[in-house]
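*Asks:* okay, sequence plus prediction incoming.
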Amino acid sequence: MFGWLLVLHVLAAVAVIGSAFLGPIIRRSAKTIAQLRFIFDITAKVAWYFKIGGVVLVLTGIWLMVTAEMGFSQMWLNLSILLSLMLVVTISGLIEPRIKQIARIASESQGPELSADVLLAMRKLAPLETTAQLLSLAVTVLMVIKPVS
């Protein structure tokens, strides 16, 4: 049972961390408004992976803690949980609403070029996306090296 929980936990982590890392890279690659609209269509369709993955990640993580009888005794684990929750809040609460706003602006844009409004909104989004990437990197490092507390 522990092995299957761990596999499910790792798959959920890939969904969450993959969204945090790849989403911004893919969005920033858009050079035209048509490319950006296409990227928004694709990312909107796969956004549920992040949401479901986040829930599964937390639930399987807690289940693994209970199964391994670790509780909340490990500082690295407590920090991982805190950073994971911060990651979910950053993406769901701060990044996603701004992405929806950029998508709306992009859908109203005329012509093939990225408008100044779209570029400005994307530039303002970049620090939040970098924060999400750093949070996911920190959680990954903590989960892999499991420092002694």
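*Replies:* Yes, it's here.
*Asks:* can you pull the buried residues of the lengthiest helix in the chain?
*Replies:* Longest helix in the chain by number of residues (criterion: DSSP state H): helix 33-67. Neighbour counts over helix 33-67 (16 or more other CB atoms under 10 Å) mark 33, 35-36, 39-40, 43, 47, 50-51, 53-54, 56-58, 60-61, 64-65 as buried. The C-beta positions use only the backbone N, C-alpha and C, and glycine is treated the same way.
*Asks:* just checking, next helix/strand downstream of that helix?
*Replies:* helix 75-89 (DSSP states H and E).
*Asks:* what's that following helix packed up against?
*Replies:* In terms of contacts (3 or more CB pairs under 8 Å, 6 or more residues apart in numbering; DSSP states H and E), helix 75-89 is packed against helix 2-28, helix 33-67, helix 116-145.
*Asks:* the second one: how far from the chain's middle?
*Replies:* Helix 33-67 has its average C-alpha position 7 Å from the chain's average C-alpha position, going by CA atoms, centre = their mean, to the nearest Å.
*Asks:* ok, the first one next?
*Replies:* Centroid separation for helix 2-28 versus its chain: 8 Å, with CA atoms, centre = their mean.
*Asks:* that one vs helix 33-67, what angle?
*Replies:* Using axes from the mean of the first three to the mean of the last three CA atoms, to 10 degrees, the inter-axis angle of helix 2-28 relative to helix 33-67 is 160 degrees.
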